[in-house]
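Colleague: Any chance you could fold what I've pasted below:
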Amino acid sequence: MTLDSERRDVAVTQTTLNHGMGSALSYFDNGQDAVQEQPFDPSTVYAIPRIDIPLDESDKRYAKCFTSDQTTELSEFFREYGFVVIRDVLTEDECRASIDELWTFLESRGYKLREWDGPTEHEKQMDEERPPARIRRDDPSTWDNDWPPMGHAGILGYLPVFRKQVLQNRQNPKIYSAFATLMQRQDLLVNQGRLGMFRPTRVKDEPDTINQKWKTAYSLHWDLNPWRYSLDDAIFLRDAKKHQKESQQQLTYEEPCDFIKENSEIGSEKDGSINVQGLINFADNQVEDGGFQIVVGCHHHMAKWADSCKESMGVRMRRRTLVKVDCDDPLYGQPQRVAMRAGSMVIWDQRMAHGSAPNDSCNPRMCQFIKVLPAYSGTSQARNRARVVQQKVAEAKGFEATDLGNRLFGLAEWS
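Modeller: Residues are numbered from 1 along each chain as shown. This is a model prediction of the structure:
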């Protein structure tokens, strides 16, 4: 599928998401200022310069990568390009165990909301009377059977995953070391996130066969609000502080989505903190397999981009923490795929515009999303979070938290 056709496919959805159901013009009035939204004009948006992804000298199918002990090299690369690939954070055995657990998660319908608190007696009875069609890993013809929600984005459902190998990966010392190096601190809290999979859209030995139904959406976005985060305008700064305080007060962890929300409100650039996101690949992931893409070096230019469209997109999307790049913005066609080997992890600066490109191969893409944030304690939010995490960790069969894991999960203090 060409980029032009991707633009057409998302245009209607993009307009709905960005403009909402009301007028395209609105007022930003926080009691002290009122700003009228202006129409979005792509020709006036700051053009972020393109930088090509450096490739691995030993195998140019993949992005340049480092080992977790190359702290100086990976830090310098991260500062310049806004992302870095760390290889061999998982062993071959850990990759196999992660893939097996991902399939077990699908086959057992672990993505169902009822799995969070357990099915009711009525639901159990209904399953016995009319067993649901199940996904089976060895039979692609079943991969349409009740596929998880968010499949269009390559994410396996809405729920954070608390299972043995997924939790092992979250307390992996190499993964922790890489995050600690880039965030320049030891006291971290690991996010309890989700799994991802792109089903293969091509059939081996049948080059003309394409399963369009399994194509995921082309996406480019920020998991923060660029205007609230980077601009000095008083109206955005006041709104950022207010929104962050309100969001934090809402995180009770009674709902599983709170684990997904917790790392989207990161304050403003004036705080001086480093905010990152990441994902771990379980299988080799080449360009045509689809998956993670990024606008290289975007973190150096996000503030200029945001300033150039603050009176249009900035006003319109002031309350969002996930901001999609408009399909008419020149930036929309600029991201590049970050291809990685199995067992590799990519970490990116949260100021980077990123997203995913659809699969165009006979290979699936399988991954685990992972974030960290500065550890905190002594608040009702921290206590609520720890209580739920402790309960879910205890329910994970065969898993035992290490001393490092207990600290990363927020179950023990950093000394």
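Colleague: drop to CA atoms for contacts and neighbour counts, all remaining ones
Modeller: OK.
Colleague: And the helices in the stretch 101-250 of the chain, which stretches?
Modeller: With DSSP state H, counting those that start in this stretch applied, the stretch 101-250 of the chain shows helices at 114-117, 121-129, 164-170, 173-183, 226-230, 234-250, listed in chain order.
Colleague: Counting by contacts, list what the fifth one packs against.
Modeller: Using 3 or more C-alpha pairs under 8 Å, 6 or more residues apart in numbering; DSSP states H and E as the contact criterion, the elements in contact with helix 226-230 are helix 234-250, helix 302-308.
Colleague: Which elements pack onto the shortest one?
Modeller: Think helix 302-308. Applying 3+ C-alpha pairs under 8 Å, 6+ apart, one finds that helix 302-308 contacts helix 226-230.
Colleague: in stretch 275-294, what's buried?
Modeller: For stretch 275-294, a neighbour-count test (16 or more other C-alpha atoms under 10 Å) marks 275-287, 289-294 as buried.
Colleague: go on, stretch 372-392?
Modeller: 372-375, 381-383, 385-386, 388-389.
Colleague: ok, residues contacting stretch 391-401?
Modeller: Residues from elsewhere that reach stretch 391-401 (C-alpha atoms under 8 Å, 6 or more residues apart in numbering): 162-165, 167-168, 171.
Colleague: Quick one, which of those residues are buried?
Modeller: For the contacts of stretch 391-401, a burial check counting by 16+ other C-alpha under 10 Å picks out 162-165, 167-168, 171.
Colleague: Now for this protein, the helix or strand with the poorest mean pLDDT.
Modeller: helix 3-19 (a mean of 43; mean pLDDT, DSSP states H and E).
Colleague: and the helices and strands packed on helix 226-230, which one's lowest on average pLDDT?
Modeller: For those, the weakest mean pLDDT is recorded on helix 234-250, namely a mean of 62.
Colleague: so where is the protein shaky, pLDDT-wise?
Modeller: The model of the chain has pLDDT under 70 over residues 1-35, 113-132, 234-249, 265.
Colleague: if I look at the residue nearest the centre of it, how far off is Ala303?
Modeller: For the chain, the residue sitting closest to the mean C-alpha position, by C-alpha atoms, centre = their mean, is Phe369 at 5.9 Å. Phe369 is 26 Å from Ala303, where distance means C-alpha to C-alpha, to the nearest Å.
Colleague: Same question for Ser68.
Modeller: Distance of Ser68 to Ala303, computed by C-alpha to C-alpha: 30 Å.
Colleague: The two: which is more packed in?
Modeller: Each of Ser68 and Ala303 has its neighbours counted (other C-alpha atoms under 10 Å); Ser68 has more, 22 against 19.
Colleague: shouldn't that one be in contact with Ala180?
Modeller: No - look at Ser68 against Ala180 with C-alpha atoms under 8 Å: they stay out of range, at 10.4 Å.
Colleague: end to end, how far does stretch 211-218 reach?
Modeller: Per C-alpha to C-alpha, stretch 211-218 runs 16 Å from first to last residue.
Colleague: Can you point out the buried residues in that stretch?
Modeller: Neighbour-count burial for stretch 211-218 flags 214-218 (criterion: 16+ other C-alpha under 10 Å).
Colleague: TSV for those residues, including distance to Glu107?
Modeller: What follows is those, written out as TSV (distance: C-alpha to C-alpha, whole Å):
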residue	distance to Glu107
Trp214	18
Lys215	21
Thr216	21
Ala217	24
Tyr218	27
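Colleague: And the residues you listed, which is closest to Arg228?
Modeller: Tyr218 (25.3 Å; C-alpha to C-alpha).
Colleague: From His354, how far off is that closest one?
Modeller: According to C-alpha to C-alpha, Tyr218 and His354 sit 11 Å apart.
Colleague: could you dump the contacts of stretch 391-401 to JSON lines with distance to Asp258?
Modeller: Below are those laid out as JSON lines (distance: C-alpha to C-alpha, whole Å):
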{"residue": "Phe162", "distance to Asp258": "14"}
{"residue": "Arg163", "distance to Asp258": "18"}
{"residue": "Lys164", "distance to Asp258": "21"}
{"residue": "Gln165", "distance to Asp258": "22"}
{"residue": "Leu167", "distance to Asp258": "18"}
{"residue": "Gln168", "distance to Asp258": "21"}
{"residue": "Gln171", "distance to Asp258": "20"}
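Colleague: Pick the one among these closest to Cys257.
Modeller: So of the contacts of stretch 391-401, ranked by how close each gets to Cys257 (C-alpha to C-alpha), first place is Phe162, at 13.5 Å.
Colleague: Could you pull up phi and psi at that closest one?
Modeller: Main-chain torsions, Phe162, degrees, to the nearest 10: phi -120, psi 80.
Colleague: what about dumping the CA coordinates of stretch 394-403 to PDB?
Modeller: Output of stretch 394-403 as PDB, limited to C-alpha atoms (Å, rounded to 0.1, in the frame of the first residue of the first chain):
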ATOM      1  CA  ALA A 394       1.200 -13.000  43.100                       C
ATOM      2  CA  GLU A 395      -1.300 -14.400  40.600                       C
ATOM      3  CA  ALA A 396       1.400 -14.900  37.900                       C
ATOM      4  CA  LYS A 397       2.100 -18.600  38.000                       C
ATOM      5  CA  GLY A 398       5.700 -19.500  38.300                       C
ATOM      6  CA  PHE A 399       7.000 -16.000  38.700                       C
ATOM      7  CA  GLU A 400       9.200 -14.800  41.500                       C
ATOM      8  CA  ALA A 401      10.300 -11.200  41.700                       C
ATOM      9  CA  THR A 402      14.000 -10.500  42.300                       C
ATOM     10  CA  ASP A 403      15.300  -7.700  44.600                       C
END
